[in-house]
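Chemist: Need a 3D model of the sequence below.
(chains A and B)
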Amino acid sequence: MTDEPADKQPAKQAEPPKGEQPSAAQPKAPRVEAQPAAPAKPVVPPAKKEEPPGPKPLDSPLVLRFRARFGEAIRDAVIDRKQAILVVEVGRLREIAEYARDEEQFDMLTDLTATDWPKREKRFEVVLNLYSFPRNERLRLKAQAAENEKVPSVTGVWGAANWLERECYDMFGIVFDGHPDLRRILLPDEWQGHPLRKDYDILTQDTAWVRENLGIESGQ
Amino acid sequence: MADTRTPSFPGVQTTILGADEIILNMGPQHPSTHGVLRVKLRMDGERIVASECIIGYLHRGVEKIAEHRSYQQFAPYVDRMDYVAAVSNGLGYCEAVEKLLGVEAPPRASVVRTILTELQRIASHLLWLGTHALDIGALTPVFYCFREREEILKIFEKYCGARLTTHAFRIGGLQYETYDGFEHDVARFCQDFATKIDEYERLLTENRIWVGRTKGVGVLTAQDAIDLGVTGPVLRASGVEWDIRKAFPYAAYDQYEFKIPTGPNGDTYDRYLVRMEEMRQSRHICLQAIENIPAGPILAKVGKVLKPPPGEVYHSIEAPKGELGYYVVSDGTIQPYRVRVRPPSFINLQAFDRMVRGHLVADVVAVIGTIDIVLGEVDR
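Modeler: Sure thing, here's the model as predicted:
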C-alpha cells in the first residue's frame, strides 16, 4: 500500500476518536494499515470497518501548488483508496499537463482513458494516470467533456498519449484537439459507432460492415 | 445514419513516396509477428524510413464485456489477454478489485500468488526467448525453452487444472490449497533451472551471429522510453532501474530480496540480457518464498456477491511484459462500471517506430521479438 501521495502526513500521532474501539461483535478490519486518524485531517482516510472506502476531499501540498497555479481550473481534489485525483477544467488540460510534467516531475503518462456517464451534464470523463520517477508517486488527472466538446491533446507533452488518445477516440468518440493522427486504432476505419459508450449495447455491431467485409450476416 | 464509409483498406492512404521508396507490407499473417500484427514499412532500398503498426485484428472488446459481468465472472476473461502470462493478468485484476473492496489477501495466499506469478514470469520469458531466437535464426533454444516451460505448466496444471488460461486466483485470495508436494516441485524446478539458463546463455550470449543481429539494433534511449510510457524489461534495458515490485510492492514481494537488472545501451542485446537475468531473479524469489509459506487461511472474508463501495482504483503489477494496470470504477452495483486495462504490450509497441527507423528490414523481426508483445493483449 505504498502508492499513496508522498506528501501525506504521518497518521501516527492521531488519537483514536471515541466510539471506534473494535467491539467483540465486530470482526477486525482485514486491512493491515487500518489505524484511526485524527478527524481533523482529511488527508488520511481512516480505514475502519464502519466507513467504506470511497472518495474524500484531498488537501495535500501538491494540491495546494496546483491550486495556487491554476486556481479555479482545479475543480476538485479527492483521495480515493489512497490515490490522489485532481479534477481539472478540460480547456486547460494541456497547460496543466505541461505543468505536471515540468514543475511537478510527472514524467510518464502511464495511461489515458475515459469513462462514460451519460446522465451527467458532461458525459465523458477523460482520465490520465501519471507517474513520477523522481518522486515515485502517482497522480490521476480527470477532465469532464460534453459529447461534442473537444479535449486538448496531450501528445505534445507525453509521446505515449498518441495511441492512447486514438484508442479513446475509437472507443468513445472523444475528439482530441491537436492530435497529429486521430484515426481509429483497434476497430476498422469504416466502423460506425463507439463501443465503450454506455448507449452502445453489448450486442450492437456495425451490421453493414460485418456483412460487407466478413461475408456473414452477423458477428454475434 | 448516412453511410460515409469509403472503400479504402485501413491504413493505405496515399503517401508521397520518394523516387527510391517503396511500401512493404508485413503481416498480419507472418510467423515472426507473433500473432496478427500488421506492419507497414516505408523503405528506401532496404532501410526503413518510417513504419506503422496496424493492430486490432484480435479485438474482442474485453473492457465492454467487463461492464456486463459481475466482478467474479470477469476474472477468467483477463487470462485471455496476455495468454502466455495468464497468472500475472489474474493477479493484477484480483488485487485491483481487492483494493476497491478494501480487503487484503491473507499472507499465505500472497506468498503462493508470488510463487506462481514468478513461475509465470519465467514461463513467459522462456516463450519469448525461444521464439525470439527462432526468428533471428537460432533454431536450438526454442526446444530447450519449451522443455523447461513445460515443467512450469505442469506445476500450474497440478495446482489448478489448467495450463495456459489458469484463472489460478480468486478475488480475496486463492480458491485452491496448494497440492501435496507443491514446494518440492517448485524447488526441484528452481534447482534444475539454474544450469538450464547457463545452457541457453552458452548458446547465445557470445554467439557471433546472435551478437551481430542484436547489438545496436532497435536502440531506445531512456528519455524516449519514458516519454513513450514504455515499461518492463524494455525500459530497464534502457538503463532505468524501475520495477513495480520494488516501487509499489504488492503480493509478498516486499519480503524477498532480488535485484533489478538494467542494461546500458537499450538495444536488443541488452533487452536479451535483462530478461535472462530476470529469470534468474525470479528463480531466486521462488526459492526464498518456498522456504517459508505461512500457514493460515487462503481466502479473505469476501461475500459471494461483491458490491464494492462507489469509487475507483488504479492498481498495477509488474507483468512479464511491463506495467499491467487495471483502472476499475465501481458505482456500487455488482457489475463494474468500467474496467480499463493498461496493457503493457500495446504501449510498448508504440515504441516500435522509433526502434526500427534506419534499420534493415531483417531487423524488424528482431525488434518485434525484443519488445515481447502478445497480440491478445495489444488488441484486447
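
Chemist: B:Ala19 - how many residues pack around it?
Modeler: Applying other CB atoms under 10 Å in any protein chain shown, we find 5 residues neighbouring B:Ala19. Placement of C-beta: from N, CA and C, glycine included.

Chemist: so how far is B:Arg47 from it?
Modeler: In this view, B:Ala19 and B:Arg47 are 15 Å apart by CB to CB, to the nearest Å.

Chemist: Then B:Tyr272?
Modeler: For B:Tyr272 relative to B:Arg47 (CB to CB), the value is 24 Å.

Chemist: Which of the helices or strands spans the spatially most central residue of chain A?
Modeler: For chain A, A:Val127 is the residue whose C-alpha lies nearest the centre (CA atoms, centre = their mean; 3.6 Å). Applying DSSP states H and E as the criterion places A:Val127 in strand A:124-132.

Chemist: Let me see the mean pLDDT of that strand.
Modeler: For strand A:124-132, the mean per-residue pLDDT is 92.

Chemist: ok, it near chain B or not?
Modeler: Yes - for strand A:124-132, a contact with chain B is found by CB under 8 Å from any CB of the partner chain, at A:Val127, A:Asn129.

Chemist: Between strand A:124-132 and the following helix or strand past that strand, find me the angle.
Modeler: Per DSSP H and E, the first helix or strand lying C-terminal to strand A:124-132 is strand A:137-145. Here strand A:137-145 runs at an angle of 160 degrees relative to strand A:124-132 (axes from the mean of the first three to the mean of the last three CA atoms, to 10 degrees).

Chemist: which other helices and strands contact whatever helix or strand comes next after strand A:137-145?
Modeler: Next in sequence after strand A:137-145, counting helices and strands by DSSP H and E, comes strand A:151-152. Counting contacts by 3 or more CB pairs under 8 Å, 6 or more residues apart in numbering or on different chains; DSSP states H and E, strand A:151-152 packs against helix A:93-102, strand A:176-177.

Chemist: quick one: contacts for the residue of the stretch 201-350 of chain B found nearest chain A?
Modeler: Proximity of the stretch 201-350 of chain B to chain A (CB to the nearest CB) peaks at B:Gly229, 3.1 Å away. Taking CB atoms under 8 Å, 6 or more residues apart in numbering or on different chains, we find B:Gly229 in contact with A:Met108, A:Leu109, A:Thr110, A:Asp111, A:Trp158, A:Gly159, A:Ala160, B:Ile347, B:Gln350.

Chemist: Inside helices: which ones of the residues you listed?
Modeler: If you go by DSSP state H, these have B:Ile347 in helices.

Chemist: Could you name the helices and strands sitting against the helix ranked longest in chain B?
Modeler: Across chain B, the longest stretch assigned as helix under DSSP H is helix B:107-136. Packing partners of helix B:107-136 (3+ CB pairs under 8 Å, 6+ apart): helix B:86-101, helix B:140-160, strand B:173-174, helix B:182-204, helix B:208-214, helix B:268-291, helix B:361-371.

Chemist: Swap in 7 Å and give it another go.
Modeler: Where contact means 3 or more CB pairs under 7 Å, 6 or more residues apart in numbering or on different chains; DSSP states H and E, helix B:107-136 is packed against helix B:86-101, helix B:140-160, strand B:173-174, helix B:182-204, helix B:268-291, helix B:361-371.

Chemist: right, quick check: the shortest one against chain A, any contact?
Modeler: Think strand B:173-174. No - counting by CB under 7 Å from any CB of the partner chain, chain A has no neighbours in strand B:173-174; the shortest distance is 10.6 Å.

Chemist: got the buried residues for stretch A:95-107?
Modeler: Across stretch A:95-107, burial judged by 16 or more other CB atoms under 10 Å in any protein chain shown covers A:Glu95, A:Ile96, A:Ala97, A:Tyr99, A:Ala100, A:Arg101, A:Glu104, A:Phe106, A:Asp107.

Chemist: which residues touch the second one?
Modeler: In other words, A:Ile96. A:Phe70, A:Ala73, A:Val88, A:Leu141 (CB atoms under 7 Å, 6 or more residues apart in numbering or on different chains).

Chemist: From what I see, the third one and A:Ala73 are in contact.
Modeler: Translated: A:Val88. Yes - between A:Val88 and A:Ala73 there is a contact under CB atoms under 7 Å: 5.9 Å.

Chemist: which one of those two has more residues nearby?
Modeler: The neighbour count for A:Val88 versus A:Ala73, taken as other CB under 10 Å, is higher for A:Val88 (24 against 18).

Chemist: in the sheet, who's paired with the more buried one?
Modeler: The partner list for A:Val88 in beta bridges (DSSP bridges) reads A:Ile74, A:Ala143.

Chemist: excluding its backbone neighbours, what's nearest B:Ser124?
Modeler: Closest residue in space to B:Ser124, ignoring its immediate chain neighbours: B:Pro320 at 3.7 Å, by CB to CB, 6 or more residues apart in numbering or on different chains.

Chemist: ok, how many other residues are close to that neighbour?
Modeler: B:Pro320 has 29 neighbours, counted by other CB under 10 Å.

Chemist: Quick check, it in contact with B:Leu127.
Modeler: No - look at B:Pro320 against B:Leu127 with CB under 7 Å: they stay out of range, at 9.2 Å.

Chemist: residues in contact with the residue nearest to the centre of chain A?
Modeler: Going by CB under 7 Å, 6+ apart, the list of residues near A:Val127 reads A:Thr113, A:Ala114, A:Thr115, A:Arg140, A:Lys142, B:Tyr327.

Chemist: Looking at those residues, which is nearest B:Ala300?
Modeler: Closest to B:Ala300 out of the contacts of A:Val127 is B:Tyr327 (22.2 Å), distances taken as CB to CB.

Chemist: Just the element for that closest one, please.
Modeler: Using DSSP H and E, B:Tyr327 sits within strand B:322-330.

Chemist: Neighbouring strands of that strand in the sheet, and parallel or not?
Modeler: Paired with strand B:322-330 in the same sheet, following DSSP bridges, are strand B:311-319 (antiparallel), strand B:338-342 (antiparallel).

Chemist: Starting from B:Tyr57, give me the distance back to the residue nearest to B:Ala295 when sequence neighbours are not counted.
Modeler: With sequence-adjacent residues excluded and distances taken as CB to CB, 6+ apart, B:Ala295 is closest to B:Arg108, at 6.5 Å. The gap separating B:Arg108 from B:Tyr57 is 41 Å, by CB to CB.

Chemist: Neighbour count for the two, which is higher?
Modeler: For B:Arg108 versus B:Tyr57, the count of surrounding residues by other CB under 10 Å is larger for B:Arg108: 20 against 17.

Chemist: for the residue nearest to B:Ser124, what are its contacts?
Modeler: Applying CB under 7 Å, 6+ apart to B:Pro320 gives the contacts B:Ala85, B:Ser88, B:Arg121, B:Ser124, B:His125.

Chemist: again, 6 Å this time
Modeler: B:Ala85, B:Arg121, B:Ser124 (CB atoms under 6 Å, 6 or more residues apart in numbering or on different chains).

Chemist: what do you get for A:Ile79?
Modeler: Contact partners of A:Ile79, counting by CB under 6 Å, 6+ apart, are A:Lys56, A:Leu58.
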